[in-house]
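[1] Task: produce atomic coordinates for the following.
(chains A and B)
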Number of protein chains: 2
Amino acid sequence: MIGYHSHVPMFQSALFSKTQREAPKDEQSKNAQLLIRAGYINKEMAGVYSYLPLGLRVIEKIRNIIRKEMNAIGGQEVLLTTLQDPDIWKKTDRWDDMVVDNWFKTTLKNGTELGIANTHEEALVELLQKHVSSYKDLPLYIYQFQTKFRNELRAKSGLMRCREFLMKDLYSFSKNDEDFTMFYERCAEAYMNIFQQVGLGEITYRTLAAGGSFTKGFTDEFQTITDAGEDTIYVSEERKRAINKEVYEEGIKELGVEEQELKEYKAVEVGNIFPLGTKYTEALGLTYKDESGEEKPIIMGSYGIGLGRLMGVIAEVFADDKGLVWPRAVAPFDVHILKLSDSSGANEQLQELQSALEAQGLELLIDNRNISVGQKLTESDLIGIPLRIIVSDKTIESGKYEMKYRNSDLVEYGTLDEIVAKVE
Amino acid sequence: MIGYHSHVPMFQSALFSKTQREAPKDEQSKNAQLLIRAGYINKEMAGVYSYLPLGLRVIEKIRNIIRKEMNAIGGQEVLLTTLQDPDIWKKTDRWDDMVVDNWFKTTLKNGTELGIANTHEEALVELLQKHVSSYKDLPLYIYQFQTKFRNELRAKSGLMRCREFLMKDLYSFSKNDEDFTMFYERCAEAYMNIFQQVGLGEITYRTLAAGGSFTKGFTDEFQTITDAGEDTIYVSEERKRAINKEVYEEGIKELGVEEQELKEYKAVEVGNIFPLGTKYTEALGLTYKDESGEEKPIIMGSYGIGLGRLMGVIAEVFADDKGLVWPRAVAPFDVHILKLSDSSGANEQLQELQSALEAQGLELLIDNRNISVGQKLTESDLIGIPLRIIVSDKTIESGKYEMKYRNSDLVEYGTLDEIVAKVE
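    Alright, predicted model coming up:
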């Protein structure tokens, strides 16, 4: 099935979002500055951003890439809730603000305090009590796209660290360690597929990290190299793996790599996969009966990717001094057509081009506005659609369109057939 | 573009949600009782429900029907935020709990109180300051699918009145009353198209209602007749319109109908459209320059449909004593195939049927579980997929499949070709 993309008018004259000369003064991150200026997002407050039509379109493309990979490894999609019952969280000892330090909470009319979900392990384990009882019900891989809320003390990295953000979170439920490990590795592969597809494959590494409060042993992060990152990682190019600075010594031993083959980089986490063991299932009493009728605890894992953060990282990593540069798989449109003339010839040529590209299944944004050529070119660079095609009096005269990829300086000219053959 | 449906395994043995013998004791509404028992939703607390794979699939079908209609009338899709800046709400005097009595609020680490969105007029008007300045920028129709949070004192009607719920909200921005009214009527038509498509067209009426705190004059609700409804309406069949009891006298005059042609019904609101005038745009200073350079206020309207409520109403209205009965357009699957034999003949016949129906683009749920025939039939009725086809030793012997529509008692038999011709 094809993913549905949020509607954006094809003609830029109808698109409500305008590019902005300047980002808000308090916006320090390059990703959010550019995304705000180009009309992809709006800053509501620090760490809280709305998605405008172009931005939502990028999010939907990312969502569909992730969804396809999660379905391919057996994921079943659900939608859990934001409002959370404190009683469940007390059973795992995570209700207290001293234990989980980034809770947002709210209160019902009757005075009962409620949680505003920062994650969903508790809710899902509790839910599964009604659906899982036997070894026949396992394994299960359940995921959702749901907004998370985290009361961050500071939020200064644009889309990379938000107080409100859309996340894909998958949870695995396995009978034993062997089954768990098998899925954990399959999901790690699916994650690398995802980062490859969104264009970050070359600079993203599966990275050993500390177990955190969840588990003993290591967890795996997926880290993308960028100077805007908050983490430091050590990369082995040969192994296509990395080690987070926080577990440098242990990581070297675990991976069996030599110190001299490692290179230090700043990086940002674009995904993580966590062994959770039986921490949540035991605390909440989620067990299964094995083949011999014995009650056993269920082994759990969690697997997260922040969609907005991923969009922010892609924006940050590929941008140049003129603006955004989207990889085609996540670009809001495939082709940006600039019509620089209002002559009947230009309208005919546009019509011809539009029909031919649409027949190829390409998604087009057409700048038909009555503004200066310079402004059209500047805004087109800022918006960053992968391919720009110009229709002008010059192209009409020559019978050839002018074409330029956003990530190249090369300007090419071609007839309609040549253009179509090229972009196919 | 085709809507993406959340992934559900085609084989019921892999689907994690199980049917339940009983709904939670505190669940009083028929819609939620059935949806919980059939494994569509999970009750997290009063008025707060999670969507399981079958339920999410219904929601996605409803979402795509609505999205298509909103795009058709020029809607541009965005995604605003849940966390809300109090300063904006103070400008329209809606921050105070005495003014808006169903706020959920929360607090940042630095002590700043934040709102948890119950609606998005303020946020969108504020956002548009950066994008709208001239008559050339208007009209605009902007919509989203976003979760709303309302601190209801009581929440006892299942999906019909929730504390957390997914809503489509569209906001219109027009230069003058004439433009506004034109769109308002177009949107009213689009709403009737939506209710028609989801199967509620025959029992849903555009209904005059009180202006509420927003406007003088009337607003329009869309009311579906059901004994589970909280509202009382007076229907004119002839005019295909209705009047809410709260504006009975004035409504009769406004519509120009005779009292004797009206019939009283209980009904539930499945959508509403509101003239908002310049209340929000004036309070927040959103104006446009007209052709002569004069600053003018923008006329606004809002247009809402709750997706979960709509699902709940459909469930409630069509259910019978055996369970849910979905109209095909919103059913989680088109066909429920029950395989009642494990013989190689049955497996072959299933394979043949599956290929033929999939070639027609039909979505299939296949009950291949090793449970009793009686249980399969009972659960199939509870889940309520429109068409059931049985593969059994009997069907193999006769060379004919057994087929029954959920909303009929007639059992039919047909060869593969006859079945395919019928379901097409």
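[2] Can you name the next helix or strand after the strand or helix carrying A:Met300?
    Per DSSP states H and E: A:Met300 is located in strand A:299-306. Tracing the chain C-terminally past strand A:299-306 and defining elements by DSSP H and E, one meets helix A:307-318 next.
[3] can you pull the contacts of A:Glu230?
    Contact criterion Cβ atoms under 8 Å, 6 or more residues apart in numbering or on different chains gives A:157, A:160-161, A:266, A:268 as the residues in contact with A:Glu230. C-beta here means a position set from N, CA and C on the backbone, and glycine is covered the same way.
[4] now those in TSV, with neighbour count and secondary structure?
    Conversion of the contacts of A:Glu230 to TSV gives the following (neighbours: other Cβ atoms under 10 Å in any protein chain shown; DSSP: H, G, I helix; E, B strand; the rest coil):
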residue	neighbour count	secondary structure
A:Ser157	22	coil
A:Met160	28	helix
A:Arg161	20	coil
A:Lys266	14	strand
A:Val268	27	strand
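[5] Among these, which one lies nearest to chain B?
    A:Arg161 (13.8 Å; Cβ to the nearest Cβ).
[6] How about the contacts made by the closest residue to that closest one other than its chain neighbours?
    In this structure, A:Arg161 finds its nearest non-sequential neighbour in A:Ala155, 5.5 Å apart by Cβ to Cβ, 6 or more residues apart in numbering or on different chains. If a contact means Cβ under 8 Å, 6+ apart, then A:Ala155 has A:46-48, A:161-163 as its contacts.
[7] One more pass at 6 Å, please.
    When the contact criterion is Cβ atoms under 6 Å, 6 or more residues apart in numbering or on different chains, the partners of A:Ala155 are A:46-47, A:161, A:163.
[8] now swap in A:Asp334 and tell me
    When contacts are counted by Cβ under 6 Å, 6+ apart, A:Asp334 touches A:362-363.
[9] if I look at it, how far off is B:Glu27?
    A:Asp334 sits at a distance of 48 Å from B:Glu27 (criterion: Cβ to Cβ, to the nearest Å).
[10] Just say helix, strand or coil for the residue nearest to A:Asn370 when sequence neighbours are not counted.
    If the residues on either side of it in the chain are set aside, A:Asn370 comes closest to A:Asp342, at 7.6 Å by Cβ to Cβ, 6+ apart. On the three-state scheme (DSSP: H, G, I helix; E, B strand; the rest coil), A:Asp342 is labelled coil.
[11] burial count for A:Asp342?
    For A:Asp342, the number of neighbouring residues by other Cβ atoms under 10 Å in any protein chain shown comes to 11.
[12] cool, and the one 3 residues further on?
    Using other Cβ under 10 Å, A:Gly345 is surrounded by 15 other residues.
[13] wouldn't it be in contact with A:Ile396 here?
    Yes - A contact is recorded between A:Gly345 and A:Ile396 when judged using Cβ atoms under 6 Å, the distance being 4.2 Å.
[14] just to revisit the earlier point, let me have the contacts of A:Glu230 in JSON lines, adding pLDDT as columns.
    Formatted as JSON lines, the entries for the contacts of A:Glu230 read as follows, by pLDDT from 0 to 100:
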{"residue": "A:Ser157", "pLDDT": "87"}
{"residue": "A:Met160", "pLDDT": "91"}
{"residue": "A:Arg161", "pLDDT": "90"}
{"residue": "A:Lys266", "pLDDT": "98"}
{"residue": "A:Val268", "pLDDT": "97"}
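[15] biggest separation within those residues, which pair?
    Farthest apart among those by Cβ to Cβ are A:Arg161 and A:Lys266. That separation is 14.6 Å.
[16] hmm, back to that, and which of the contacts of A:Glu230 is nearest A:Phe318?
    A:Val268 (13.7 Å).
[17] For chain A, which residues are neighbours of chain B?
    Along chain A, the residues adjacent to chain B under the rule Cβ under 6 Å from any Cβ of the partner chain are A:1-4, A:6-7, A:16-18, A:42, A:44-45, A:48, A:50-53, A:56, A:71, A:76-83, A:85, A:104, A:106, A:109, A:127, A:131, A:140, A:151, A:153, A:164.
[18] of those residues, buried ones?
    Among those, those buried by neighbour count (16 or more other Cβ atoms under 10 Å in any protein chain shown) are A:4, A:6-7, A:16-18, A:42, A:44-45, A:48, A:50-53, A:56, A:71, A:76-83, A:85, A:104, A:106, A:127, A:131, A:140, A:151, A:164.
[19] So which of the residues you listed are in helices?
    Under the assignment DSSP state H, those contribute A:53, A:56, A:71, A:127 to helices.
[20] Adding distance to A:Tyr184 and pLDDT as columns, could you present the residues you listed in CSV?
    Output for those, formatted as CSV (distance: Cβ to Cβ, whole Å; pLDDT from 0 to 100):
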residue, distance to A:Tyr184, pLDDT
A:Pro53, 37, 96
A:Leu56, 32, 97
A:Asn71, 18, 95
A:Leu127, 22, 97
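[21] for the closest residue in space to A:Asp93 that isn't next to it in sequence, helix, strand, or coil?
    Closest residue to A:Asp93 in three dimensions, ignoring its sequence neighbours and counting by Cβ to Cβ, 6+ apart: A:Val99, at 6.0 Å. Look at A:Val99: counting by three-state DSSP, its state is coil.
[22] Identify, from the ones in helices among the buried ones among the residues of chain A next to chain B, the entry nearest to A:Arg94.
    Nearest to A:Arg94 among these: A:Leu127, at 16.6 Å, using Cβ to Cβ.
[23] which regions of the stretch 201-350 of chain A sit below the pLDDT cut-off?
    Counting by pLDDT under 70, the low-confidence segments of the stretch 201-350 of chain A come to A:212-216.
[24] Most proximal residue of it with respect to chain B?
    Of all residues in the stretch 201-350 of chain A, the one sitting closest to chain B is A:Gly308 (10.0 Å; Cβ to the nearest Cβ).
[25] Number of residues surrounding that residue?
    One way to gauge burial is a neighbour count; for A:Gly308, by other Cβ under 10 Å, it gives 26.
[26] Same check on A:Tyr413?
    Summarising burial for A:Tyr413: neighbours were counted as other Cβ under 10 Å, giving 15.
[27] which non-adjacent residue is nearest A:Met311?
    The shortest distance from A:Met311 to any residue that is not its chain neighbour, by Cβ to Cβ, 6+ apart, is 5.4 Å, and that residue is A:Val58.
[28] which element is that neighbour on?
    With DSSP H and E as criterion, A:Val58 is part of helix A:53-72.
[29] rewinding a little: and the residue of the stretch 201-350 of chain A closest to chain B, what is it in contact with?
    Under the criterion of Cβ under 6 Å, 6+ apart, the contact partners of A:Gly308 comprise A:159, A:165-166.
[30] Make TSV out of these and add neighbour count.
    Shown next, in TSV, are the contacts of A:Gly308 (neighbours: other Cβ atoms under 10 Å in any protein chain shown):
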residue	neighbour count
A:Leu159	26
A:Phe165	21
A:Leu166	21
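[31] low pLDDT regions in the stretch 51-200 of chain A?
    Nowhere does the stretch 51-200 of chain A drop to pLDDT under 70.
[32] tell me, how many neighbours does A:Ala346 end up with?
    So A:Ala346, with other Cβ under 10 Å, has 18 neighbours.
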